[in-house]
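1. got a structure for you, letters missing:
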């Protein structure tokens, strides 16, 4: 008995210590089998009604009616239980506290009424059969309680006592030895049922805790599987699931859903300059801002690398524009890491449902197309999807696929445009121009295919081929004629560029000082230190370097002192205005004089009129290039001109 009392004390402390959510789950077990409750209520009410009717005792009739009334209320509560199964977690705990009070009140009242009915039957009736019915009904009910309500042990134990102990009183007051013996048996029965109830509760509680731990662990793993490890926002999997759910909800109303596909501008520069830890800090900072701004009502996800997506409701394109501008502003705010302010920008592609699509695949594709167009337009831009984008992007992607085997198929070839010495009226050099005639699309402009080659990484392989072919072709020219080759930014900073140059010179036998490599100012702007190192490496091979399109950049004069150029090409925009603009004449004259003082040669490109040529002669420019003198031509025609068999162009000079 002392052990039972100790366990009851422990039960009180442990029951108070369990979490509200566990308590709610245990309460669910009380409603797990409403059929048993209904069967017990009907049978108990029926037997008590029969006993009361047969006995004719007024008190028994009143008690039997009360039992039937409470039984009916409890059956209604049990039958309403299925409607509560769909409750949300946020309301479940508050519901559990209220519902436990309702269930406990009904259970204790019903148990007390049954015990009281048994007591009244023993006291007011001498019919042994009626007494047997009343006692066995009450004891049977008490036995069932031990298993059925063990999930909430205090309810089960209270019901056990309320139902059984009044019977012992009724048996004892009769002062009959056999009835007093039965009272003792019932007391022992109550003690045994208490022990069974406590053991059953322990098993149920342990099983509940284990089940909840497994569920929590599974929920944790599910959440981790749908969360980006670095930034904490949704990953691509969760984004897709939530996006499709929002689209389904959209179909039932007149709302519009906008997807903003975000690509960070200059992120690679952060990684290359400050390391991956800085890049990770930047991504996490950007994600946190976006989630704070849009996460409560929309979806924020990292789709991989430096790409993010935001989904939110909009009522008009004007609102979508405002939210796009807000996204760009949030991304542009500096992220502070390790004493540095890390800054990037954002390019946005926007698609709006349902006008731009009603399914996730279509909308994602259209947002991607819009992002592609935004990145083409420059940094910090946003573009809405337009149906015309499909055709343009499709062509771009087709050309990218065709380019994969273009070198092997021999689709690339070189053209050369001579550069003339004004004083000696002879060809000093030829600029190499790459051309592509595709098997499907025919002749394709370099302005279209060069950016594609740079984007898909083929520019290095193609550029290496151009250098080798240019050197091979120029090796047959007179030794005082050089060949010029344009380098892309990716090609310039390629680690094996010096090796490619040396290999091309060795294979062709061309002297190193007869090869000139041209770069534009835009190349230098992207990474000054890397560009300077690459140009120094080229010059150490005795290969000459030329600054092309001089005057179109942002810090042109500073390049003349920082970078080791031997030749300066004056951009055609200044040459075009020589006839009408005194300012252009002054600029060209100043550039030529400055270059001469720095030991550089000058080439004016884009010469198309005789007046432009005469003006350049007065400025004492070293060389000229343009359609007035010669159009781009194949290598065979260059050989003809160099042999003096076609002096038409030179005659004009």
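-> Ah, there it is. Since the model is a prediction, treat every value here as computed from it, not as a measurement.
2. Provide a list of residue ranges in the stretch 201-350 of the chain with pLDDT below threshold.
-> Applying pLDDT under 70 to the stretch 201-350 of the chain flags residues 201-205, 207-209, 216, 218-225, 251-254.
3. what ranges do the strands span in it?
-> For the stretch 201-350 of the chain, strands defined by DSSP state E, counting those that start in this stretch occupy the ranges 256-265, 299-304, 307-314, 335-337, 340-342, 345-353.
4. mind pulling up the phi and psi values for residue 57?
-> Backbone torsions of residue 57, given as degrees, to the nearest 10, read phi -80, psi 130.
5. Including mean neighbour count and distance to residue 564, could the strands of the stretch 201-350 of the chain go into JSON lines?
-> C-beta: built from backbone N, CA, C; applies to glycine. Below are the strands of the stretch 201-350 of the chain laid out as JSON lines (neighbours: other Cβ atoms under 10 Å; distance: least, Cβ to Cβ, whole Å):
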{"stretch": "strand 256-265", "mean neighbour count": "24", "distance to residue 564": "30"}
{"stretch": "strand 299-304", "mean neighbour count": "22", "distance to residue 564": "40"}
{"stretch": "strand 307-314", "mean neighbour count": "22", "distance to residue 564": "38"}
{"stretch": "strand 335-337", "mean neighbour count": "16", "distance to residue 564": "35"}
{"stretch": "strand 340-342", "mean neighbour count": "14", "distance to residue 564": "31"}
{"stretch": "strand 345-353", "mean neighbour count": "24", "distance to residue 564": "32"}
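6. closest to residue 489 out of the ones you listed?
-> Checking the strands of the stretch 201-350 of the chain against residue 489 by Cβ to Cβ gives strand 256-265 as the closest, at 15.7 Å.
7. What is that closest one packed up against?
-> If contacts are counted by 3 or more Cβ pairs under 8 Å, 6 or more residues apart in numbering; DSSP states H and E, strand 256-265 sits against helix 236-250, helix 276-294, strand 307-314, helix 317-332, strand 345-353, helix 360-376.
8. so what's residue 352 up against?
-> Counting by Cβ atoms under 8 Å, 6 or more residues apart in numbering, residue 352 makes contact with 256, 257, 258, 259, 314, 317, 320, 384, 385.
9. Contacts only, for the third one.
-> Taking Cβ under 8 Å, 6+ apart, we find residue 258 in contact with 311, 312, 313, 314, 320, 323, 350, 351, 352, 353.
10. could you say what helices and strands the helix or strand harbouring residue 67 packs with?
-> Assessed by DSSP states H and E, residue 67 sits inside helix 58-80. Packed against helix 58-80 by the contact rule (3+ Cβ pairs under 8 Å, 6+ apart) you find helix 34-55, helix 89-124.
11. Buried residues, stretch 113-120. List them.
-> Across stretch 113-120, burial judged by 16 or more other Cβ atoms under 10 Å covers 113, 114, 115, 116, 117, 118, 119, 120.
12. Go ahead and confirm residue 342 touches residue 334.
-> Yes: at 6.3 Å, residue 342 counts as touching residue 334 under the criterion of Cβ atoms under 8 Å.
13. now residue 310: how far from residue 618?
-> Counting by Cβ to Cβ, to the nearest Å, the gap from residue 310 to residue 618 is 60 Å.
14. Also residue 440?
-> In terms of Cβ to Cβ, residue 440 sits 49 Å off from residue 618.
15. Identify all contacting residues around stretch 42-51.
-> 60, 63-64, 67-68, 71, 75, 114, 117, 121, 125, 130, 133-134, 137, 141.
16. Out of the residues you listed, name the two that are farthest from one another.
-> Longest span within the contacts of stretch 42-51, Cβ to Cβ: 75 and 125, 27.7 Å.
17. Could you check how many residues crowd around the closest residue to residue 79 other than its chain neighbours?
-> The shortest distance from residue 79 to any residue other than its chain neighbours is 6.4 Å, reached at residue 34 (Cβ to Cβ, 6 or more residues apart in numbering). Neighbourhood size, residue 34 [other Cβ atoms under 10 Å]: 17.
18. wait, isn't residue 34 in contact with residue 74?
-> No: with contact defined as Cβ under 8 Å, residue 34 does not count as touching residue 74 (9.7 Å).
19. Now do the helices in the stretch 351-500 of the chain.
-> Here the stretch 351-500 of the chain has its helices, by DSSP state H, counting those that start in this stretch, at 360-376, 388-403, 446-456, 459-474, 489-492, 497-508.
20. If you average pLDDT over each of those helices, which is lowest?
-> Lowest mean pLDDT within the helices of the stretch 351-500 of the chain: helix 388-403, at a mean of 83.
21. Buried residues of that one, list them for me.
-> 389, 393, 396, 399, 402, 403.
22. What of stretch 46-59?
-> 47, 48, 49, 51, 52, 55, 57.
23. Same check on stretch 444-460?
-> By neighbour count with 16+ other Cβ under 10 Å, stretch 444-460 contains the buried residues 444, 449, 450, 452, 453, 454, 458, 459, 460.
24. so which of these comes closest to residue 38?
-> residue 452 (75.0 Å).
25. list the contacts for the closest one?
-> 396, 399, 400, 403.
26. got any ranges where the stretch 451-600 of the chain has weak pLDDT?
-> 524-527, 552-559.
27. That one: strands as residue ranges?
-> Using DSSP E, counting those that start in this stretch, strands in the stretch 451-600 of the chain cover 482-486, 515-520, 544-550, 567-570.
28. Indicate which one of the ones you listed is closest to residue 642.
-> Closest among the strands of the stretch 451-600 of the chain, using Cβ to Cβ: strand 482-486, at 11.9 Å.
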